[in-house]
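1. dropping the sequence and predicted coords here.
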Amino acid sequence: MEMAPVVLAAVLAMAAVASTVSSSPAEGIQPLSKIAIHKATVNLRGSAYVRVTPALLGDEDELEDTVWVTVKFGSENPSTDDWIAVFSPADFISGACPNPSRYPGEPLLCTAPIKYQYANYSANYLDWGKGTIRFQLINQRSDFSFALFSGGLENPTLVAVSKQVAFKNPKAPVFPRLAQGKTHDEMTVTWTSGYDISEAYPFVEWGVVTSGSGNPTRTPAGTLTFNRGSMCGEPARTVGWRDPGFIHTAFMRDLWPNKEYFYKIGHELLNGTVVWGKSYTFKAPPTPGQNSLQRIIVFGDMGKAERDGSNEFSNYQPGSLNTTDTLIEDLDNYDIVFHIGDMPYANGYLSQWDQFTAQVAPISAKKPYMIASGNHERDWPNTGGFFDVKDSGGECGVPAETMYYYPAENRANFWYKVDYGLFRFCVADSEHDWREGTPQYKFIEECLSTVDRKHQPWLIFTAHRVLGYSSNSWYADQGSFEEPEGRESLQKLWQRYRVDIAYFGHVHNYERTCPLYQSQCVNNEQSHYSGTMNGTIFVVAGGGGSHLSDYTTAIPKWSVFRDQDYGFTKLTAFNHSSLLFEYKKSSDGKVYDSFTIHRDYRDVLSCVHDSCFPTTLAT
């Protein structure tokens, strides 16, 4: 189905504005983008200094991938504009800059730091001209140096640089990310290292956790990477670029349902020695239709933050660490995670993807971490997406598609299905066209129509942008309460195939609707649903951590519960007929909204409006 050029232009114009629904002028600005690094000058002063301890990181434990360092610095002319930057690689001054020609002259510095903090974060710096700040570093495949700048972020002048510091093995494999494979008996593990395949053979060693010794299996891993030329625009191609290292993925197949497995990633060097990562365990997925307790976490828009207080994280992703830490504390009480878009908000500053994988590693190393494509991962003009905006900072989906595995038939098409026990998840990509006649529409219909509801009763649809319903203030101002061209193209599929819950992010708050079809509540109940399935419940779960979005003052009739706070949702399937939905706040992990569904197979089969094809009586 083609859209008239004038109409399509109008839709895309609205979409361009829609991309700002999760931002406002005072909030949501990537902190590293505030640094005018291309304007930096160098005026090293003998009286200024930066010293870092320890210089060798992870010396006592080679598996250590996260450390704290102490930075001492001083200046004869301290100012509130002074700031400390962390650069990696350490040599950030030499070399030609690949910056656009629009910058006057040749910039002296070519790359943004990976993090920064104002010098007066240290008490008494302005009075004494010296201070101390502690920074947290992760193993990012290269060395580090620390620099003192004057002139603020707008007119930075480099006045002192530390000696380099480095991890004992910068290339070590780190931050594993589990994901369910294309079948229920397959688990994948993806990790990052500094080893190309010409230097070492990547593999995962794994087996069943038993009381006996047993012989573990070694499975080789494939290796991917990308380069500056893979990026679509700036800053990803320019000051935001940082080498991503090598990303490895191994497949652990023929798993026994619900069995606990151990695994350990490693690289066999050419001399036969092995460089190991840390050891972890995971539980294999249930077989489709298996009648057991199954618990799912769903949220979007989390972002990343720095535990050392750098990068002004409290202004950018204020709830990110709360959500992460609450999920880490509750690891034993859920089985799989769906992060439905907008992950680190790197926005073209590639170092932030490492920071994000480190932040969620305590979760992703033990639970399958399934992702979806968001506007801050994918969107860039003239790259085949549906929205002609620059939200990805020039990444155009490449880091997300490379650094995380998801079981799509074509990784460039970010849509896929997951069968997890009693659930089927149909994960759509709101950043690509979903309208009737497109390849994604065909996928969505096939995903929804091929599930066996007798054995997998709980059918979940999810996408990043709100293709359903949201009383976000911007959507309300447009009079649509949705992304332009959203539900109009999909609601007949949700109704025909009886989607239980449709999840969305993008709007940074929480909202739940009544069961809906064509903007009308089809059930007046609010907390206990049973009997004939005649509408879909729509949930916005975009309060994972980024700055919060406002609602419209008028509450639509279909809006059952709204909360402008940070949180996530949890689905618990007790059996084939009982489902519990919970919304929890990240601040305390307590439940603030919930409902239950009790339904038999015949309740899904019953015909309601637009759910069954026309029939005839036998003669």
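-> Nice, thanks for sending it over.

2. burial count for E76?
-> 11 (other C-beta atoms under 10 Å). Quick note: C-beta positions are derived from backbone N, CA and C, even for glycine.

3. what do you get for E329?
-> Using other C-beta under 10 Å: E329 sits among 11 other residues.

4. show me the shaky parts of the stretch 301-450 of the chain.
-> 314 (pLDDT under 70).

5. now the strands for it?
-> 336-339, 369-371, 416-420, 423-427 (DSSP state E, counting those that start in this stretch).

6. could these be laid out in a markdown table, adding mean neighbour count and distance to T66?
-> Compiled in a markdown table, these are given as follows (neighbours: other C-beta atoms under 10 Å; distance: least, C-beta to C-beta, whole Å):
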| stretch | mean neighbour count | distance to T66 |
| --- | --- | --- |
| strand 336-339 | 24 | 21 |
| strand 369-371 | 26 | 18 |
| strand 416-420 | 23 | 30 |
| strand 423-427 | 25 | 30 |
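
7. which one of these lies closest to E409?
-> strand 416-420 (7.5 Å; C-beta to C-beta).

8. which residues sit against that closest one?
-> 180, 184, 285-286, 288, 294, 296, 335-336, 370, 406-409, 424-427, 447, 451, 456 (C-beta atoms under 8 Å, 6 or more residues apart in numbering).

9. list only buried entries from the residues you listed.
-> 180, 184, 285-286, 288, 294, 296, 335-336, 370, 406-408, 424-427, 447, 451, 456 (16 or more other C-beta atoms under 10 Å).

10. so which of those residues belong to helices?
-> C447 (DSSP state H).

11. among the helices and strands of this protein, which has the poorest mean pLDDT?
-> Every helix and strand of the chain was ranked by mean pLDDT, DSSP states H and E. The lowest is helix 5-18, at a mean of 38.

12. spit out the contact partners of Y497.
-> Y497 neighbours (C-beta under 8 Å, 6+ apart): E445, L448, S449, V451, L459.

13. buried members of the residues you listed into PyMOL, please.
-> Selecting the buried subset of those in PyMOL, with 16+ other C-beta under 10 Å as the burial test, is done by:
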select buried, resi 445+448+451+459
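
14. got TSV for the contacts of Y497, with distance to I133 too?
-> Output for those, formatted as TSV (distance: C-beta to C-beta, whole Å):
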residue	distance to I133
E445	55
L448	52
S449	57
V451	53
L459	51
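
15. among the contacts of Y497, which one sits closest to K72?
-> L459 (57.9 Å).

16. what helix or strand is that closest one on?
-> Using DSSP states H and E, L459 sits within strand 458-462.

17. after that strand, next one along is what?
-> Scanning forward in sequence from strand 458-462 by DSSP H and E, the next helix or strand is helix 473-478.

18. what comes up buried for the next helix or strand after that next one?
-> Moving toward the C-terminus from helix 473-478, the next helix or strand (DSSP H and E) is helix 491-496. Buried positions in helix 491-496, judged by neighbour count with 16+ other C-beta under 10 Å: Q491, K492, L493, W494, Q495.

19. in its sheet, what does whichever helix or strand comes after helix 491-496 sit against?
-> As assigned by DSSP H and E, the chain's next helix or strand after helix 491-496 is strand 501-504. According to DSSP bridges, strand 501-504 forms sheet pairs with strand 458-462 (parallel), strand 536-541 (parallel).

20. what are the boundaries of the strands in the stretch 501-619 of the chain?
-> Counting by DSSP E, counting those that start in this stretch, the strands of the stretch 501-619 of the chain are 501-504, 510-517, 520-521, 528-530, 536-541, 559-563, 567-573, 578-585, 591-598.

21. any idea which of the ones you listed gets closest to V69?
-> strand 567-573 (32.0 Å).

22. list the buried residues of the closest one.
-> Those would be G567, F568, T569, K570, L571, T572, A573, for strand 567-573 by 16+ other C-beta under 10 Å.

23. could you list the low-confidence segments of this structure?
-> Using pLDDT under 70, the flagged stretches of the chain are 1-28, 95, 99-104, 211-213, 314, 615-619.

24. can you map out the helices along it?
-> 5-18, 125-128, 313-316, 320-329, 351-364, 375-378, 398-403, 439-449, 473-478, 491-496, 601-605.

25. right, so of those, which gets closest to E64?
-> helix 351-364 (12.1 Å).

26. center of this structure - which residue?
-> M343 (2.3 Å; C-alpha atoms, centre = their mean).

27. so what does that one look like in phi/psi?
-> Here is the backbone geometry of M343 (degrees, to the nearest 10): phi -90, psi -80.

28. what's the spacing between the closest residue to it other than its chain neighbours and P107?
-> Distances taken as C-beta to C-beta, 6 or more residues apart in numbering put F356 closest to M343, at 5.9 Å, once the chain neighbours are dropped. Distance, F356 to P107, using C-beta to C-beta, to the nearest Å: 27 Å.

29. the residue nearest to the centre of the chain against M302, yeah?
-> Yes - in this structure M343 lies within contact range of M302 using C-beta atoms under 8 Å: 6.9 Å.

30. and the residue lying closest to G348 once chain neighbours are set aside, how many residues sit next to it?
-> In space, and not counting its chain neighbours, G348 is closest to G393: 2.4 Å by C-beta to C-beta, 6+ apart. Using other C-beta under 10 Å, G393 has 27 other residues around it.

31. residue contacts, N77?
-> By C-beta under 8 Å, 6+ apart, N77 lies in contact with G129, S150.

32. got phi/psi on it?
-> Dihedral angles (degrees, to the nearest 10) for N77: phi -120, psi 70.

33. list the residues that contact the residue nearest to the centre of the chain.
-> Here M343 is in contact with M302, G303, F356, I371, G374, H376, E377, A400 (C-beta under 8 Å, 6+ apart).

34. please consider this matter closed, and thank you.
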